[in-house]
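S.K.: Generate coordinates for the sequence data below:
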Amino acid sequence: MVIGPGAKPALIFPALALLEPGDEIIYPDPGFPTYAAMADISGATKIPVCLDEKKSFSFDLEEFDRKVGGKTKMIIINSPANPTGGVMPMEVLRHIADAAIRHDCWVLSDEIYSQLVYDGKKAPSIATLP
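M.R.: Take a look at the predicted model:
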């Protein structure tokens, strides 16, 4: 656990430590505006991936697979998501984790809203994967 003065430093500091100009950062769109700002501040290239309403506002995995590659240095996920409220299912998280391993890149999982899931459900976390 990290305690800090809000979420922005906890998001931006890893980007500043890990990203350089020429690196690519994949992030959800629509999403928290700080994700795009992280790329701007670090000099990385912004690579937004659409959240598909038909798939519970998860990444469109076909689009994700086209965009992730050798220059990808960080993948940001936000589940439950701001502003959509979508929760990425475990199979989507596993797909993202496999891509991160294959392309040797970091995953920054913003789970700030993990306690705001209703109907007795829980939001799965990519951190639970081996």
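
S.K.: which residues of the chain fall in strands?
M.R.: 24-29, 45-52, 58-59, 72-78, 106-110 (DSSP state E).

S.K.: how about the helices of the chain, start to end?
M.R.: Using DSSP state H, the helices of the chain run over 7-18, 34-42, 61-67, 90-102.

S.K.: related to what we said a few turns ago, pick the most deeply packed of the strands of the chain.
M.R.: Of the strands of the chain, the one with the most neighbours on average (mean count of other C-beta atoms under 10 Å) is strand 58-59, at a mean of 27. For glycine as for every other residue, the C-beta is placed from the backbone atoms N, C-alpha and C.

S.K.: And for that one, what's in contact with it?
M.R.: For strand 58-59, the surrounding residues in contact (C-beta atoms under 8 Å, 6 or more residues apart in numbering) are 28, 49, 50, 51, 52, 77, 79, 86, 88, 89, 92, 96.

S.K.: got the buried residues for stretch 81-88?
M.R.: The neighbour-count check on stretch 81-88 (16 or more other C-beta atoms under 10 Å) flags 81, 82, 84, 86, 87, 88 as buried.

S.K.: Please report phi then psi for the closest residue to residue 20 other than its chain neighbours.
M.R.: In space, and not counting its chain neighbours, residue 20 is closest to residue 43: 6.4 Å by C-beta to C-beta, 6 or more residues apart in numbering. Dihedral angles of residue 43 (phi, psi; degrees, to the nearest 10) stand at phi 90, psi 0.

S.K.: got the contact list for residue 43?
M.R.: Here residue 43 is in contact with 19, 20, 21, 22 (C-beta under 8 Å, 6+ apart).

S.K.: Report pLDDT for the first one.
M.R.: Spelled out, it's residue 19. With respect to pLDDT, residue 19 scores 96.

S.K.: From residue 119, how far out is it?
M.R.: To residue 119, residue 19 is 37 Å away according to C-beta to C-beta, to the nearest Å.

S.K.: where does this protein dip in pLDDT?
M.R.: The chain contains residues with pLDDT under 70 at 1-2, 120.

S.K.: what distance separates the start and the end of stretch 102-119?
M.R.: This stretch, stretch 102-119, spans 35 Å end to end (C-alpha to C-alpha, to the nearest Å).

S.K.: Thanks a lot, catch you later.
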